[in-house]
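Visitor: Here is my input, please return the structure:
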Amino acid sequence: MTLGVGAAWHIVASSSVNCGQHGRGRYAVACQNQAVAAVLTQRRRLARLVAALAAFAVGLGALAIVEGPGRNTTYAGASSLNATLTVAAGVALILAGLVITFFGPAGLTGDLALLAGVLWFAPVLVGWDNGSPLVRSVALLAAGFTLPVLLHLVLAAPSGRLRGTVAPALVLAVYLEATLAALGLALVRHPFFDPNCWANCTDNVFLLQSLPGLARWIESADRWFIAAAAIASVLAIAWRLMTDSSPARRAQLLFALPATLLAGAVLAHTVVLQSKPVENPSQPAFQTIFIVECVAVVLLAAALVWATVRLRLQRRAVAQITANLGQAPPPGSVQTALAQAVGDPELQIAYWLAGSQRYVDAAGRPVREPAAAPGRTLTPLVRDDRRIAIVSHTAALPDLERAIGAAVRLALENERLQAETLAQLDQLRASRIRIVETGDAERRQLERDLHDGAQQHLLALSYDLRLARSQAQADGDAPTGSLLTEATVEAQAALSELRTLAHGIYPAILSEAGLAPAVATLAETAGLPVEIIAVPQRRYVPAVETAAYLFVAEGLDDAAHRNASHVTVDIVQDGEWLMITAEDDGSNRTSEFVEAADRVGALNGRLYVEPTRLRAELPCG
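Guide: From the prediction side, this is the model:
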């Protein structure tokens, strides 16, 4: 008589408004709302407790009927095993409803479990031989809603809510059909004229006119409709298991077995009644079907209790998030802790930056706006009417925004601020990289302009001066020839200085041949001996090669100014880092290497300046 039910997900963290310290303004309203909510919660729990006690009373009454006037007209009266299973199934549902009420989230799941427990005992009241006609008639109406209520539970499992469009439509159709069938039978079925009657063959206080043919048609249509609905619910669960996320599938597996058992029992009951219209609990076929139904209900109740236990564990885990994070948690700690707490390793948090109108992750890196996917849902988080983030999580965790406590919400806000700061640092670093790259591009362009422009003009001028000198010497004009010789020497000196200047602005060999030849050339032209221990022969991105080359050049110049007798240069790659070391024997250095620090910092590298040793680490992955 049931197909399964899941416990709704809810998390309550430990931090809230301190009404003792904040008693004015909007805090007063918040405190008043908390007080009203607490009173309403207590009243609801009290009402559910009273309903549970009433359900237990119904169960005890059913047990008394089974042992006496209902021994021959009820399944429970057919054997001691049936009686035990009947009571165990109904009590298990009632206890599960109580557990959810007092230890789980407030919601419809616990109420449905309590209602299902009461309805489970309705067939026993129907078979109360010589009992109150009104009680038996009402019980007959109520028994028709047992399967619809349980079907509602299984389709709402485990979140407690009906998801999608198929499940709500199916539940609505089942409730509507059950209502029409119950009313139709109440108005036109006279038990005495029903040839298939076995439990209640005398009483129907709601009868208006006896129409046996219509009554039999309604009973048959009702059985087949419920059987089809039970099979449809199992197919819906199977579809969820195939399409939902891993945490949602794990939650659904708790209810898949009882749902399948009960659906099979309902279908088998309908098929057996086609060949044996008169239901007889003592027959093996009906006896087996009833046992399977009871076992399915007990398994369902156990799944409800276990889901509530998992919920309690999740509550405690979420409540410990802020305590375990520490004062300065690394980026992503809140997402990791929340994912572990709710059992969803695929949970992701995208933080909203209002200033730049974009989403970023905990490290400040831009991410796409999260989108819903099969088995997953999106929950926007808001604090003080400001959007904080969007959480992508399994659909098995409903009402995440309302359920997350104030302490976790504050931790999310803190991590959002941290992500915003990191995003700003990334923007600043990107800006520095663009400045460095722009400067390098200007250096290369200036070197090309000097090489292709001024140097070519000086070469042409030197050639013309040599021709003029040769002509003057041929004409015997010694003074003019002497002047032209001096001019030629000056032009050659200017050309050499221009070449040195162009090489210092940006060496062409660096872009053409790479870092190793460029450093070797730099060592050959240095003003002091340079020993190169190692230089990788591979090529790197231009920004890294330029930074490494200029770092070595600046180190050699600084060593020469400090009267060093020699310099040792070592460049090695360690994983994704390029390590550049320049060590000399000069006096202690006093310069701060601002330009090198800016260039290395722009590449997100590290610079270490010691008295006679320089070290730079550049990312080169």
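
Visitor: now the strands for the protein?
Guide: Along the chain, the segments classed as strands by DSSP state E run 348-353, 358-360, 366-367, 376-383, 386-394, 530-534, 567-574, 577-584, 606-609, 613-619.

Visitor: Mind pulling up the pLDDT for the residue in the chain sticking out farthest from the centre?
Guide: Ranking residues of the chain by C-alpha distance from their mean position (CA atoms, centre = their mean) puts Gly476 at the top, at 93.9 Å. Listed pLDDT for Gly476 reads 76.

Visitor: in this protein, which residue is closest to the centre?
Guide: Leu347 (1.5 Å).

Visitor: quick one, what contacts the closest residue to that one other than its chain neighbours?
Guide: Leaving out its chain neighbours, the residue that sits closest to Leu347 by CB to CB, 6 or more residues apart in numbering is Ala339, at 4.0 Å. For every residue, glycine as well, the C-beta is placed using N, CA and C. Ala339 sits next to 345-347 when contact means CB atoms under 8 Å, 6 or more residues apart in numbering.

Visitor: mind listing which of the residues you listed are in helices?
Guide: Among the contacts of Ala339, no member falls in helices (DSSP state H).

Visitor: Just put these in CSV and tack on distance to Val535 and pLDDT.
Guide: Shown next, in CSV, are the contacts of Ala339 (distance: CB to CB, whole Å; pLDDT from 0 to 100):
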residue, distance to Val535, pLDDT
Pro345, 45, 77
Glu346, 46, 79
Leu347, 47, 82
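
Visitor: now, which of these sits nearest Ala88?
Guide: Pro345 (36.9 Å; CB to CB).

Visitor: and the closest one, how far is that from Gln335?
Guide: 11 Å (CB to CB, to the nearest Å).

Visitor: cool, and Trp217?
Guide: Note on Trp217: its distance to Gln335, by CB to CB, is 58 Å.

Visitor: which sections of the stretch 301-450 of the chain are below the confidence cut-off?
Guide: Within the stretch 301-450 of the chain, the segments meeting pLDDT under 70 span 314-329, 332, 341, 375, 395-411, 431, 435-450.

Visitor: which residues of it fall in helices?
Guide: Ranges of helices in the stretch 301-450 of the chain, per DSSP state H, counting those that start in this stretch, are 321-325, 333-342, 400-403, 406-449.

Visitor: about what we covered before: isn't the residue nearest to the centre of the chain up against His393?
Guide: Yes: using CB atoms under 8 Å, Leu347 is in contact with His393, at 4.7 Å.

Visitor: burial measure for Ala493, as a count.
Guide: By other CB atoms under 10 Å, 10 other residues sit near Ala493.

Visitor: So for it, what's the pLDDT?
Guide: Looking at Ala493, its pLDDT is 77.

Visitor: just the one 5 residues further on next, same as before
Guide: pLDDT, Leu498: 65.

Visitor: same check, this time on Cys294
Guide: Looking at Cys294, the pLDDT reads 92.

Visitor: neighbours around it, how many?
Guide: Using other CB under 10 Å, Cys294 has 27 neighbouring residues.

Visitor: isn't it right up against Leu85?
Guide: Yes: here Cys294 reaches Leu85: they are 3.7 Å apart, a contact under CB under 8 Å.

Visitor: The closest residue to Pro123 other than its chain neighbours and Leu134, how far apart?
Guide: Excluding the flanking residues, the one nearest Pro123 by CB to CB, 6+ apart is Ala143, at 5.2 Å. Using CB to CB, Ala143 is found at 15 Å from Leu134.

Visitor: ok, now how distant is the residue nearest to Pro123 from Ala186?
Guide: With the distance defined as CB to CB, Ala143 ends up 12 Å from Ala186.

Visitor: coming back round to it: so what's the residue nearest to the centre of the chain up against?
Guide: Applying CB under 8 Å, 6+ apart, we find Leu347 in contact with 335, 338-339, 391-394.

Visitor: Same check on Ala487?
Guide: Ala487 makes contact with Leu465 under the criterion CB under 8 Å, 6+ apart.

Visitor: Could you check the pLDDT of it?
Guide: pLDDT, Ala487: 78.

Visitor: Ok, Ala113 next?
Guide: We note a pLDDT of 88 for Ala113 in this prediction.

Visitor: And for it, the neighbour number?
Guide: Counted with other CB under 10 Å, the neighbours of Ala113 add up to 30.

Visitor: related to what we said a few turns ago, just want to know which of Ala143 and Leu134 has more residues nearby.
Guide: Under the neighbour definition other CB under 10 Å, Ala143 and Leu134 were set side by side, and Ala143 has more, 20 against 11.

Visitor: I figured the more buried one was touching Trp120, is that so?
Guide: No: contact criterion CB under 8 Å: Ala143 and Trp120 do not qualify, at 9.2 Å.

Visitor: What sits closest to Ala89 if chain neighbours are left out?
Guide: Closest residue in space to Ala89, ignoring its immediate chain neighbours: Val297 at 3.9 Å, by CB to CB, 6+ apart.

Visitor: isn't that neighbour right next to Phe121, touching?
Guide: No: assessed by CB under 8 Å, Val297 is found out of contact with Phe121, at 11.8 Å.

Visitor: and for those two, which residues touch both?
Guide: Counting by CB under 8 Å, 6+ apart, the contacts common to Val297 and Phe121 are Gly90.
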